[in-house]
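Enquirer: Need coordinates for the following:
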Amino acid sequence: MAYQQELPVTKDFLEHKVEIKVDGLPNGEYAIFTSTDNDFKVRESTLAIQFIYVSSLAWLNNGNDFYVVNRESGQPQARTNVQVWYRYYDSQKNSYQKRKGENLVTDKNGFFHIEESRTNTNNSFSLELSKEGDYLFMDDQNVNSYSRGQEKSNSTTYKSFLFTDRSIYRPGQILYFKGILIEQTDNTQKNSIALNKETKINLYDANGEKRDSLTVKTNEFGSYSGKFTLPQGQITGLFRLQDETGNNALYFSVEEYKRPKFQVTINKPEGTYKLNETINVKGTAISYSGGAINDAKVSYRVVRRTIIPIWAGFYRGKIAPNFNREEMEIAHGDIKTAADGSFTIPFKAIPDALIDKKSQPVFIMKSMPTSLISTEKREVETPM
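Expert: Take a look at the predicted model:
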């Protein structure tokens, strides 16, 4: 469905608000797109998006006690399925993440309770409700896990900062970790180091299964340390350390890998280039001992990737897929490194004749050098 709304013309350059009526909708989650252009053109229009939720379900709470009711009548909603999603901060990804929690069912009074021990570890959470075809999951709305009237209690919360000696390990290697534990008392709202505080550190594998745990105790500086021997013969991937008290996790990789002997560096292209010009891209191959990789074969391949950016694919209020052309090889060959390990890759910036010039194609250059004394390979990409 589409709407058109005339807005008052203002010339004071201040923020203004208007209310726009939207007809009633069936239950569900909706996205409202707005544009200053009827065709929702990305380059010429001002676009915005807002998600809304339509449901007869509603919930209210006092601390960890919750009631699910009918939004219109206020009647309790028995046998409503409730899925809890916990929100936590991932320092490795530098962002908040969601973790699936317990699944509950309301009683005859529409009541359910979330254990306080779970919410003490997870500062906030969101609720996914479903009953007889009705559904409500406002995942952008989080519930704080304290009770009304207890905001100024003397309870203490903890936050930890975790560090490892490396970011990637082999199976069977020893992982050394260190952590710092910070405490905050609600009535003071001040942070301080947690002295002589015990906490448990859990090791989880790529499947999220606990593989080991270790109880540690902070010293006079609020820090603790320990080590784990990583499991062998198990699936590799993204592992994590979890501090039970400090409500924090640190992710790291466990992979079967070989230590590289050399690295390839492609210099960042300088200046501005035009289509159909010949471009010379320079690079170097250096061993990790510091010596140059001379007289080494460099096999290179240059591909052109054409991307037409269409933000969210808007067209007349509908969502359409982005139009991306397949990669096309425009140059390839073999060269050798000089005595100082340097090399130069020439190629002509051939455009895609089927695409308008305004689309600004992106060129991706790939280089794979191979040392004459080793079969080891490196591959790097440089976008232009």
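Enquirer: what separates stretch 243-255 from the chain centre, distance-wise?
Expert: For stretch 243-255, the separation from the chain centroid amounts to 16 Å (computed by C-alpha atoms, centre = their mean, to the nearest Å).
Enquirer: Buried residues, it. List them.
Expert: Of all the residues in stretch 243-255, those buried under the rule 16 or more other C-beta atoms under 10 Å are 243, 245-252, 254. Just so you know, the C-beta spots here come from the backbone N, C-alpha and C atoms, and that holds for glycine as well.
Enquirer: Rounded mean pLDDT for it, please.
Expert: The average pLDDT for stretch 243-255 rounds to 90.
Enquirer: Could you list the low-confidence segments of this protein?
Expert: Along the chain, the parts satisfying pLDDT under 70 run over 91, 116-123, 139-154, 186-189, 307-325, 356-384.
Enquirer: how is it carved up into domains?
Expert: Domain ranges of the chain: 57-144, 156-254, 262-383, per automatic domain parsing.
Enquirer: Please determine how far the residue lying farthest from the centre of the chain is located from residue 180.
Expert: The outermost residue of the chain, judged by C-alpha distance from the chain's mean C-alpha position using C-alpha atoms, centre = their mean, is residue 339 at 43.0 Å. To residue 180, residue 339 is 49 Å away according to C-beta to C-beta, to the nearest Å.
Enquirer: Could you do residue 21 as well?
Expert: On the measure of C-beta to C-beta, residue 21 and residue 180 end up 53 Å apart.
Enquirer: Those two: which has the busier surroundings?
Expert: residue 180 (17 against 6; other C-beta atoms under 10 Å).
Enquirer: tell me the contacts of the more buried one?
Expert: If a contact means C-beta atoms under 8 Å, 6 or more residues apart in numbering, then residue 180 has 160-161, 193, 222-223 as its contacts.
Enquirer: Tally up the residues packed near residue 108, please.
Expert: With other C-beta under 10 Å as criterion, residue 108 counts 8.
Enquirer: Skipping adjacent residues, who's closest to it in space?
Expert: Nearest non-adjacent residue to residue 108, counting by C-beta to C-beta, 6 or more residues apart in numbering: residue 78, 4.7 Å away.
Enquirer: Which strand residues bridge the nearest residue to residue 332 once chain neighbours are set aside?
Expert: Spatial nearest neighbour of residue 332, chain neighbours left out: residue 301 (4.5 Å); criterion: C-beta to C-beta, 6+ apart. Note on residue 301: beta-bridge partners by DSSP bridges are residue 332, residue 366.
Enquirer: any idea how far residue 334 is from residue 301?
Expert: Residue 301 is 10 Å from residue 334, by C-beta to C-beta.
Enquirer: which other residues reach stretch 213-225?
Expert: 176-182, 193-203, 226, 228.
Enquirer: Which of the three states applies to the residue nearest to residue 108?
Expert: Under DSSP: H, G, I helix; E, B strand; the rest coil, residue 78 falls in the coil class.
Enquirer: I'd say it and residue 112 touch.
Expert: No - taking contacts as C-beta atoms under 8 Å, residue 78 lies outside contact range of residue 112: 10.6 Å.
Enquirer: overlap in contacts of those two?
Expert: Counting by C-beta under 8 Å, 6+ apart, the residues touching both residue 78 and residue 112 are residue 106.
Enquirer: More neighbours: the two, which one.
Expert: Using other C-beta under 10 Å as the criterion, residue 78 and residue 112 rank with residue 112 on top: 22 against 14.
Enquirer: For the stretch 151-300 of the chain, just list every one of the strands.
Expert: Using DSSP state E, counting those that start in this stretch, the strands of the stretch 151-300 of the chain run over residues 156-164, 168-169, 174-185, 191-193, 198-204, 210-217, 223-229, 237-243, 248-254, 262-266, 278-287, 297-305.
Enquirer: between those, which gets nearest to residue 61?
Expert: strand 156-164 (19.3 Å; C-beta to C-beta).
Enquirer: Check which residues of the closest one are buried.
Expert: For strand 156-164, burial by neighbour count (16+ other C-beta under 10 Å) applies to 157-162, 164.
Enquirer: And for stretch 16-33?
Expert: Within stretch 16-33, no residue counts as buried by 16+ other C-beta under 10 Å.
Enquirer: gap between the two ends of it?
Expert: Stretch 16-33 has an end-to-end distance of 19 Å (criterion: C-alpha to C-alpha, to the nearest Å).
Enquirer: what do you get for stretch 37-46?
Expert: OK, stretch 37-46 end separation, C-alpha to C-alpha: 8 Å.
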